[in-house]
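Enquirer: need a 3D model of the sequence below.
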Amino acid sequence: MTKAREVLVIGGNRYFGKRLIGRLVAAGDRVTVLNRGSSAPPPGVVQLVADRDDEKALAGAVGTRTFDVVLDQVCYTPRQAAIARRVFTGRTGRYVMTSTVEVYEHEDSELPVPERAVDPAAVAVDLDLPWDEPEFVEAHYGEGKRQAEAVFTAAGPDLPFASVRVAHVLGGDDDFTGRLEHYADRIRTGDPIAVPPVVHPATYIHVEEIADFLFWAAGEDFTDPVNAASHGTLALDELCAAVAAQLPRGKTVFEVTGSAGVSPFAFRRRYAMDNSRSARLGFPFGDVRRWLPKAVAETLGKDH
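Expert: Got it, this is the predicted structure:
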């Protein structure tokens with residue numbers, strides 16, 4: 001019989017995080033969740049309450065516990081990474097951080113972008129930036145994730161680290177982002193969808209698939225960044241067509257604008273992710289076009 005793992009999930013109480021926790025519990029892992037205590041943990045899960053930005057509180061909540069795996073769902077800044085690195089170095093056999101495709105926000109590549117395009121070991125870290133200001137963090141989302149990866153990577157073998165760079169997530173009736181609803185609202189009314197002069201396709205992943213991927217990654221031993229994206233790229237007009245197919249009536253109207261205020265997924269850059277490393281490591285991705293209709297139907301709901 002396989003020994004149950006001690007797994008800590010930091011954050012992760014909604015969307016694909018809650019699906020990840022469900023998979024861990026179903027597999028027989030002993031799961032602990034650390035968050036600010038705003039919601040109760042699922043049955044069978046231990047809850048630790050602390051603000052991860054407060055190192056003393058985080059260390060106190062963790063106490064003398066050690067873990068086989070830490071899955072960090074909510075690390076957004078290098079300061080948060082530095083605190084976690086000090087608390088968990090030598091106390092876990094594996095640290096997996098949920099990162100983002102936005103680490104490639106400065107790329108503009110005709111080919112899908114591989115992990116080596118952003119090497120965390122080469123990323124400069126600036127802890128003096130105003131990382132405690134929510135507006136700054138939101139405006140520098142990709143940079144915060146890049147620097148967080150760099151902080152963990154520098155820990156070396158005492159904190160075996162992997163970052164999962166997640167593609168744009170779609171699907172589920174609990175998608176809180178409102179991005180697909182944005183398109184549904186405009187297609188129903190025929191209101192224009194703002195796009196830049198040139199819109200580039202992107203890579204996506206289904207909400208259940210990223211939960212599967214993170215669960216799988218927890219049990220592997222690879223380190224360093226890995227891209228998590230379904231096979232294939234999806235253009236914005238294809239996404240809108242999939243939304244329109246779920247609606248009884250409506251019209252898709254694109255309006256080109258030079259302003260910064262464009263619709264979600266209307267990308268000015270080419271930075272679709274190369275998922276070949278994940279495939280080589282053994283994870284079987286699905287194809288974005290196969291699951292897209294299901295994902296749209298889940299999010300828009302039967303009343304649409």
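Enquirer: ok, the most centrally placed residue in the chain - contacts?
Expert: Residue closest to the average C-alpha location in the chain (Cα atoms, centre = their mean): Val166, at 4.3 Å. Each residue near Val166 by Cβ atoms under 8 Å, 6 or more residues apart in numbering is listed here: 98-101, 205, 210, 228-229. Where C-beta positions appear, they are placed from N, C-alpha and C, glycine not excepted.
Enquirer: make a markdown table out of those residues and add pLDDT, distance to Ala244 and secondary structure.
Expert: Conversion of these to a markdown table gives the following (pLDDT from 0 to 100; distance: Cβ to Cβ, whole Å; DSSP: H, G, I helix; E, B strand; the rest coil):
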| residue | pLDDT | distance to Ala244 | secondary structure |
| --- | --- | --- | --- |
| Thr98 | 97 | 32 | strand |
| Ser99 | 97 | 32 | strand |
| Thr100 | 97 | 28 | strand |
| Val101 | 97 | 25 | helix |
| Ile205 | 97 | 22 | strand |
| Ile210 | 96 | 25 | helix |
| Ala228 | 98 | 28 | strand |
| Ala229 | 98 | 24 | coil |
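Enquirer: follow-up on the earlier one: give me phi/psi at the residue nearest to the centre of the chain?
Expert: Phi and psi for Val166, reported as degrees, to the nearest 10, are phi -90, psi 130.
Enquirer: all strands of the stretch 51-200 of the chain, in order?
Expert: In the stretch 51-200 of the chain, strands defined by DSSP state E, counting those that start in this stretch lie at 69-72, 95-100, 161-166, 168-170, 193-195, listed in chain order.
Enquirer: pipe the ones you listed into JSON lines and attach distance to Pro130 per row.
Expert: Putting those into JSON lines (distance: least, Cβ to Cβ, whole Å) gives the following:
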{"stretch": "strand 69-72", "distance to Pro130": "22"}
{"stretch": "strand 95-100", "distance to Pro130": "20"}
{"stretch": "strand 161-166", "distance to Pro130": "23"}
{"stretch": "strand 168-170", "distance to Pro130": "27"}
{"stretch": "strand 193-195", "distance to Pro130": "30"}
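Enquirer: so which of those strands is nearest Leu111?
Expert: The closest of the strands of the stretch 51-200 of the chain to Leu111 is strand 161-166. By Cβ to Cβ, the value is 16.2 Å.
Enquirer: any idea of the mean pLDDT for stretch 7-23?
Expert: Across stretch 7-23, pLDDT averages out at 90.
Enquirer: work out the gap between that stretch and the centre of the chain.
Expert: On the basis of Cα atoms, centre = their mean, to the nearest Å, stretch 7-23 sits 12 Å off its chain's mean C-alpha point.
Enquirer: contacting residues for Ala297?
Expert: Per Cβ under 8 Å, 6+ apart, neighbours of Ala297: Gln246.
Enquirer: secondary structure element holding it?
Expert: Take DSSP states H and E as the rule and Ala297 turns out to sit in helix 288-300.
Enquirer: and that helix, average pLDDT?
Expert: Averaging pLDDT residue by residue across helix 288-300 gives 95.
Enquirer: where do the helices sit along the stretch 201-304 of the chain?
Expert: 207-218, 236-244, 276-281, 288-300 (DSSP state H, counting those that start in this stretch).
Enquirer: out of those, deepest packed?
Expert: helix 207-218 (a mean of 22; mean count of other Cβ atoms under 10 Å).
Enquirer: got the CA coordinates for it in PDB?
Expert: C-alpha atoms of helix 207-218 as PDB (Å, rounded to 0.1, in the frame of the first residue of the first chain):
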ATOM      1  CA  VAL A 207     -10.300  24.000 -15.300                       C
ATOM      2  CA  GLU A 208     -10.500  20.200 -14.700                       C
ATOM      3  CA  GLU A 209      -7.300  19.700 -16.700                       C
ATOM      4  CA  ILE A 210      -5.200  22.100 -14.700                       C
ATOM      5  CA  ALA A 211      -6.500  20.500 -11.500                       C
ATOM      6  CA  ASP A 212      -5.400  17.100 -12.900                       C
ATOM      7  CA  PHE A 213      -2.000  18.600 -13.900                       C
ATOM      8  CA  LEU A 214      -1.300  20.100 -10.400                       C
ATOM      9  CA  PHE A 215      -2.300  16.800  -8.800                       C
ATOM     10  CA  TRP A 216       0.000  14.900 -11.100                       C
ATOM     11  CA  ALA A 217       2.900  17.500 -10.600                       C
ATOM     12  CA  ALA A 218       2.600  17.000  -6.800                       C
END
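Enquirer: now that helix and strand 161-166, what's the angle there?
Expert: Interaxial angle of helix 207-218 relative to strand 161-166 (axes from the mean of the first three to the mean of the last three Cα atoms, to 10 degrees): 170 degrees.
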